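Novice: fold the following for me, if possible:
(one chain, ligands or ions: 1)
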Amino acid sequence: MTKKITQFKKYCNSLTKYSRYKTREVFVGDIPLGGDNPIRIQSMTTTNTMDTLATVEQTIRMVNSGCEYVRITAPSKSEAENLANIKKELRARGFNVPLIADIHFTPNAAEIAARIVEKVRVNPGNYIDKKKFESIDYSDESYNIELERIRERFSPLVKICKEYGTAMRIGTNHGSLSDRIMSRYGDTPLGMVESALEFVRICEELNYHSIVLSMKASNPQVMIQAYRLLIIKMQEEGMNYPLHLGVTEAGGGEDGRIKSALGIGSLLEDGIGDTIRVSLTEDPEYEAPVAISLANRYKNRSPHKKIEEVHEIPFDSLNYSRRHTFEILGIGGINVPRVFADYSARKIIAHKDLADAGYSYDAPSDKWNMSDMAADLIYLGKQNTPFDIPMGMKVVYDYSHWLKLDVQEKSFPLLNVGDYKSSNQKSNILNFVEIDIDSLAGELMNRLKIDNKAVIVLVTSNEHGMAEQRRIFIKLIENDVKNPVIIKRSYKGLNLDELRLHSSTDIGALLIDGFGDGVWIDVENILEPVESKNVYVKSFIKVKETKETVINRTLFGILQAARVRISKTEYIACPSCGRTLFDLQETTEMIRKRTEHLKGVKIAIMGCIVNGPGEMADADYGYVGSGIDKITLYRGKDIVRRNISAEFAVDSLIEIIKEDNNWIETM
Ligand code: SF4
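Specialist: Got it, this is the predicted structure:
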């Protein structure tokens, strides 16, 4: 990240003052979104759309869990027609929830559904185009002929929507861009934006404006950049359509929640987003509570403590590049962001206590074993340990305690600004200096700049903390301060599930913009999960799990989701829908159990061959349902085993991974 200052291209109202980015109000049935309406919550059924009763009952569970809109897949004309029965049954049972038909490939189905339900979702990557993975060299003329073809095929749907008062989501997926878009724009956020805008322009020509847009990707970095760019491009063309936010194929459990919070939350922090769907490989009724928890943070965000406004930014918010820092003892520079384990409030009495930070002790050999998620630094505050901390781990004490140590060389002090400025006795290797926005005045900045032993620990107490910390990073870059920075967030009064979502948003949003050489979470006063009235709130905290364990796993999860430090296998699993051809949750779990030690390998598990391959994003391997009891396996985008029996599919997947020398035997 260079110091080049550029005019901030406005993708939100302000980078420092929270407010919702105002879009046009669009009615979906009786429930409007956009404008001044609250952030709406939605999800999608996973039942077979032809099974009316199962779909109705699942929809009711979703409404009871907090869904304000429910999406149902309509892969062909029959399913589209059956939406009428589903809707009728729901209304008969007193549920007026607006329904959305999810369409891929089939304009005929869309045109039927648009006469029945309140909204249709089309994917501009496959509504008219069939993907052949061809690269075509278009001239402007041949490209315009293609656009004309799209106009002809898409206009009837628009006219039906207009006539029936049906809303439409034009929902781009990073993984399923058409060959036409790929050939001209590549697999980029710009390609995603253009893919949607080509369709929007046709709607506008027909004077149809009940449009909602989405830019989903399984990589939160791509997804965030695409939404930002979409807003900029909409402004250039005088558009202000509401935005539906989501991270696709996020997976399930903790990882799915972290990835979704990072992607969706980063945008919500800047006031972007009118409706959200959290996609998890779980029953859909478990999605709304996560989405509600993400959206609720912004109900009372404003007014918050004032942060100095920024009009020009010294970084590119549309392309990732990491803030340039110098390295001090493996922190900063080109090193992956480091992870702190905070044990200051916990007595360490035995070796086993460090297991929560990823270290296991083998007494007979007197050796420590590190997991792939072993913290790099441990903060002990004012306490001593009765044994030596593992060699690879750096120990940090409060400055006052560090001063009293007999051997100071093996550990490092954490100083406040006062001590940093006044004291002559510091580590001659590495000092951590805790700084907030108020302490970062000119004199301190000049001092830090020339101190190649100082790592900044950035803290905030502002309710709009991500924005405040981002403001500090901007200040550091403007003043050419290249000291590494640890992003530290302190929380209190949360339960561990809330902590995971909040920290994924707050820290993840900064990492996505290239900020941070380390991460640290400090928690006080952890609450027990409240017995929620919503029976679909699912916790992933295991009984007797310590907060240190949860925080360590969360921090590594955030780094992985932001793709700045890979410490485990990545699963890109579709959330499943009426097209799914096998039990996605069970299969994902089975694959996870056998492959979770393959650090850095990306495995996609997709329910159907119609959309799965296109939406596997950048997975290394794909496990895709291609018929009843039939699985097709992919290496990247290439089929390597076609239609094999599900019974042998996981073994075959492992064989392929072995052929590529990506397999590691477990002990
Ligand atoms: S990939 Fe999964 S969610 Fe997408 S259409 Fe196929 S089964 Fe449904």
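Novice: all strands of the stretch 101-250 of the chain, in order?
Specialist: Ranges of strands in the stretch 101-250 of the chain, per DSSP state E, counting those that start in this stretch, are 119-122, 167-173, 211-216, 244-245.
Novice: how far is the helix ranked longest in the chain from where the chain is centred?
Specialist: Scanning the chain for the longest helix, with DSSP state H as the assignment, gives helix 140-164. With Cα atoms, centre = their mean, to the nearest Å as the basis, helix 140-164 stands 33 Å off its chain's centre.
Novice: what's the answer for stretch 597-616, then?
Specialist: Chain-centre distance of stretch 597-616: 17 Å, with Cα atoms, centre = their mean.
Novice: then stretch 82-96?
Specialist: Using Cα atoms, centre = their mean, the offset of stretch 82-96 from its chain centre is 33 Å.
Novice: ok, residues contacting that stretch?
Specialist: Outside of stretch 82-96, the residues within contact range by Cβ atoms under 8 Å, 6 or more residues apart in numbering are 29-30, 49-50, 52-53, 55-56, 59-60, 63, 72, 74, 97, 99, 101, 113, 116-117. C-beta here means a position set from N, CA and C on the backbone, and glycine is covered the same way.
Novice: right, and Met370 touches Tyr359 too?
Specialist: Yes. With contact defined as Cβ atoms under 8 Å, Met370 and Tyr359 form a contacting pair (5.9 Å).
Novice: with neighbour numbers in mind, choose between the two.
Specialist: Tyr359 (22 against 16; other Cβ atoms under 10 Å).
Novice: what residues are up against the more buried one?
Specialist: 368-371, 374, 390, 393.
Novice: swap in Arg115?
Specialist: Contacts of Arg115 (Cβ under 8 Å, 6+ apart): 160, 164, 166.
Novice: for the residues you listed, give me JSON lines that also has pLDDT, neighbour count and distance to Lys10.
Specialist: Output for the contacts of Arg115, formatted as JSON lines (pLDDT from 0 to 100; neighbours: other Cβ atoms under 10 Å; distance: Cβ to Cβ, whole Å):
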{"residue": "Ile160", "pLDDT": "98", "neighbour count": "18", "distance to Lys10": "35"}
{"residue": "Tyr164", "pLDDT": "98", "neighbour count": "12", "distance to Lys10": "35"}
{"residue": "Thr166", "pLDDT": "98", "neighbour count": "25", "distance to Lys10": "31"}
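Novice: distance check, the residue of the chain found nearest the ligand against Thr632.
Specialist: Residue nearest to the ligand within the chain (Cβ to the nearest ligand atom): Gly607, separated by 2.7 Å. Gly607 is 12 Å from Thr632, where distance means Cβ to Cβ, to the nearest Å.
Novice: what of Leu584?
Specialist: The value you get for Leu584 to Thr632, if Cβ to Cβ is used, is 15 Å.
Novice: then Met168?
Specialist: In terms of Cβ to Cβ, Met168 sits 32 Å off from Thr632.
Novice: the two: which is more packed in?
Specialist: Met168 (29 against 21).
Novice: what's opposite the more buried one in the beta bridge?
Specialist: Val120, Ile211 (DSSP bridges).
Novice: which positions in the chain make contact with the ligand?
Specialist: 574-577, 579-580, 606-608, 610-612, 615 (Cβ under 6 Å from any ligand atom).
Novice: find the residues that touch each one of Gly607 and Thr632.
Specialist: In contact with both Gly607 and Thr632: no residue, using Cβ under 8 Å, 6+ apart.
Novice: circling back to that earlier point, you'd agree the residue of the chain closest to the ligand is up against Gln585?
Specialist: No. Using Cβ under 8 Å, Gly607 is not in contact with Gln585; the gap is 10.7 Å.
Novice: rewinding a little: could you find the closest non-adjacent residue to the residue of the chain closest to the ligand?
Specialist: What sits nearest to Gly607 in space, not counting adjacent residues and going by Cβ to Cβ, 6 or more residues apart in numbering, is Thr580, at 3.3 Å.
Novice: let's verify the one you found: helix, strand, or coil?
Specialist: What DSSP: H, G, I helix; E, B strand; the rest coil gives for Thr580 is coil.
Novice: separation between the residue of the chain most remote from its centre and Arg169?
Specialist: Ranked by distance from the centre of the chain (Cα atoms, centre = their mean), the top residue is Asp406, with 45.5 Å. Distance, Asp406 to Arg169, using Cβ to Cβ: 65 Å.
Novice: show the average pLDDT along stretch 328-340.
Specialist: The average pLDDT for stretch 328-340 rounds to 97.
Novice: surely Asn428 meets Lys453?
Specialist: Yes. Asn428 lies in contact with Lys453 (Cβ under 8 Å); the separation is 6.9 Å.
Novice: those two - which one has more neighbours?
Specialist: Taking other Cβ under 10 Å, Asn428 and Lys453 do not tie; Lys453 has more neighbours (15 against 9).
Novice: any idea of the mean pLDDT for stretch 405-415?
Specialist: Rounded mean pLDDT across stretch 405-415 is 90.
Novice: then that stretch to CSV, C-alphas only?
Specialist: What follows is stretch 405-415, C-alpha atoms only, in CSV (Å, rounded to 0.1, in the frame of the first residue of the first chain):
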residue,chain,number,x,y,z
LEU,A,405,12.0,-9.2,35.8
ASP,A,406,15.5,-10.6,36.4
VAL,A,407,15.8,-11.6,32.8
GLN,A,408,14.3,-9.0,30.5
GLU,A,409,15.7,-10.2,27.2
LYS,A,410,13.3,-13.1,26.8
SER,A,411,10.1,-11.0,27.0
PHE,A,412,8.7,-7.7,25.9
PRO,A,413,6.9,-4.9,27.6
LEU,A,414,3.5,-3.4,26.8
LEU,A,415,3.7,0.4,27.5
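Novice: flag every buried residue along it.
Specialist: Residues 408, 411-415 are the ones in stretch 405-415 that count as buried (16 or more other Cβ atoms under 10 Å).
Novice: dump the residues you listed into TSV; add secondary structure and distance to Lys602 as well.
Specialist: Formatted as TSV, the buried residues of stretch 405-415 follow (DSSP: H, G, I helix; E, B strand; the rest coil; distance: Cβ to Cβ, whole Å):
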residue	secondary structure	distance to Lys602
Gln408	coil	44
Ser411	strand	38
Phe412	strand	36
Pro413	strand	40
Leu414	strand	37
Leu415	strand	41
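Novice: overlap in contacts, Met370 and Tyr359.
Specialist: With Cβ under 8 Å, 6+ apart, Met370 and Tyr359 have common neighbours Pro390.
Novice: for the residue lying closest to Asp376 once chain neighbours are set aside, what are its contacts?
Specialist: In space, Asp376 comes closest to Arg338 once its chain neighbours are excluded; the distance is 4.2 Å by Cβ to Cβ, 6+ apart. The contact partners of Arg338, by Cβ under 8 Å, 6+ apart, come to 330-331, 376-377, 486, 517-519.
Novice: what is the burial count for Met391?
Specialist: If you count neighbours by other Cβ under 10 Å, Met391 ends up with 9.
Novice: ignore the last one, Asn446
Specialist: 12.
Novice: likewise Arg149?
Specialist: Neighbour tally, Arg149, other Cβ under 10 Å: 13.
Novice: quick check, it in contact with Ile128.
Specialist: Yes. Applying Cβ under 8 Å, one finds Arg149 in contact with Ile128, separated by 7.2 Å.
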